[in-house]
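Trainee: I'd like to go over a predicted model; first the sequence, then the structure.
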Amino acid sequence: MSAWGQLNFQDAASPIMLQLITFHDHAMLVVTLIIAIVAYAIISLFINKFICNNIFEAQEIETVWTILPAIILLFLALPSLRLLYLMDEITNPSFTLKTIGHQWYWSYEYSDFSDIEFDSYMTPTDDLTEGQFRLLEVDNRAILPMQTEIRILVTAADVIHSWTVPSLGVKADAIPGRLNQLGVYISRPGVFYGQCSEICGANHSFMPIVLESVDFSSFTNWISQFSS
């Protein structure tokens, strides 16, 4: 969960998000160095008239500033493509959670277990208790086991929504008549918040997502409550 005045990403709760933050820091370092070098070169050209008079028509300089950016782009593109591949990869999931976007709430179906489905509405401000977050808390959280490969199927019943949980580094469009899938591996226990990030109507900002990560034994106890 984000903190007041926070300028960076939320704390990572999945290996993918951890790698996304690492790649972001790597890219920001490269971009900062480029900005510093280019700014220094521009200022030097304005100040030093001798350099300015001799740098025009310099084939060596033009060759360098053509090839060097291409090499830098390779250093950014290769880890980026690797991450894109990993985000789409789903390896031997233990079970599947189906999430369905509605105007304006989410429904969850645990497809591998019988008769486990429920709606998740935002908790009204007047019903909040101490410690709960306004516009982010819901009446029914989706419970998921940590350190388990999970497949998430995402769709919608009416218009396009977007199922997004920043701490996990996941975002998938919920499109009517289509199933999108993504893999989730939660590395630690906790409560993780998200929101629909597609403008889906008047109450777009009032359909939050809340995932609660628990150990596997607690998850099986929760599942058993529906069959009893």
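Mentor: Alright, I've got the coordinates.
Trainee: next SSE downstream of the helix or strand of the chain with the lowest mean pLDDT?
Mentor: Of all helical and strand segments in the chain, the minimum by mean pLDDT, DSSP states H and E falls on helix 49-55, at a mean of 59. Past helix 49-55, further along toward the C-terminus, the next helix or strand under DSSP states H and E is helix 59-88.
Trainee: okay, now the unreliable bits of this protein?
Mentor: For the chain, applying pLDDT under 70 flags the ranges 1-6, 49-58, 227-228.
Trainee: strands of that one, start to end?
Mentor: For the chain, the strands defined by DSSP state E cover 95-102, 105-110, 117-120, 142-145, 149-156, 161-165, 170-174, 180-185, 190-195, 208-214.
Trainee: what's the most buried one of those strands?
Mentor: Ranked by average neighbour count under the criterion mean count of other Cβ atoms under 10 Å, these are headed by strand 161-165 at a mean of 24. C-beta: built from backbone N, CA, C; applies to glycine.
Trainee: partner strands of it, with direction?
Mentor: strand 170-174 (antiparallel) (DSSP bridges).
Trainee: starting at the chain centroid, how far to the partner strand?
Mentor: 9 Å (Cα atoms, centre = their mean, to the nearest Å).
Trainee: ok, stretch 125-145 next?
Mentor: How far stretch 125-145 lies from its chain's middle: 20 Å, per Cα atoms, centre = their mean.
Trainee: tell me, what residue is most central in the chain?
Mentor: The residue lying closest to the centre of the chain (Cα atoms, centre = their mean) is Gly169, at 2.8 Å.
Trainee: which residues touch that residue?
Mentor: For Gly169, the contact set (Cβ atoms under 8 Å, 6 or more residues apart in numbering) comprises 12, 14, 16-17, 20, 87.
Trainee: which of these fall in helices?
Mentor: Members of the contacts of Gly169 lying in helices (criterion: DSSP state H): 16-17, 20, 87.
Trainee: what about Phe219, distance to Pro145?
Mentor: 4 Å (Cβ to Cβ, to the nearest Å).
Trainee: shared neighbours of these two, anything?
Mentor: Shared contacts of Phe219 and Pro145 (Cβ under 8 Å, 6+ apart): none.
Trainee: residues contacting the closest residue to Tyr108 other than its chain neighbours?
Mentor: Of all residues not flanking Tyr108 in the chain, Ala142 sits nearest, at 5.0 Å (Cβ to Cβ, 6 or more residues apart in numbering). Contacts for Ala142 (Cβ under 8 Å, 6+ apart) come out as 97, 99, 108, 120, 209-212.
Trainee: of those, closest to Ile47?
Mentor: In terms of Cβ to Cβ, no member of these lies closer to Ile47 than Ile209, at 53.8 Å.
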